[in-house]
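Peer 1: the sequence and its predicted three-dimensional model are supplied below.
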Amino acid sequence: MLEYEFEAIAADRGFFVGKTTGHREAILRRAAEGWRYAGWIPTQQMNGSVLELDLIFERETEGQA
């Protein structure tokens, strides 16, 4: 069975385009802890720009292969 965790990442909003920071570090840190990156979901938007997103991580629970 899989278990999931979510990590919020903020986007720095520019004039038209937002830029995320910290996502690469979060993915590498979670990978070192045994998590796999599974995707992302926008959790806060304004005028078509993503202001915040959740990175989704998954891993097998104990006793599962």
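Peer 2: That came through, no problem.

Peer 1: please, where are all the strands along this protein?
Peer 2: Assignment of strands within the chain using DSSP state E yields the ranges 2-13, 18-20, 36-46, 49-60.

Peer 1: least confident of those, on average?
Peer 2: Ranked by mean pLDDT, the strands of the chain end with strand 18-20 at the bottom, a mean of 61.

Peer 1: which residues pair with the spatially most central residue of the chain across the strands?
Peer 2: Closest to where the C-alpha atoms of the chain average out (CA atoms, centre = their mean) is residue 55, at 1.3 Å. Following DSSP bridges, residue 55 is listed with bridge partners residue 7, residue 40.

Peer 1: right, and it touches residue 9 too?
Peer 2: Yes. Using CB atoms under 8 Å, residue 55 is in contact with residue 9, at 5.9 Å. Bear in mind the C-beta positions are built from the backbone N, C-alpha and C, glycine included.

Peer 1: list residues touching both of these two?
Peer 2: Common neighbours of residue 55 and residue 9 (criterion: CB atoms under 8 Å, 6 or more residues apart in numbering): 23, 26.
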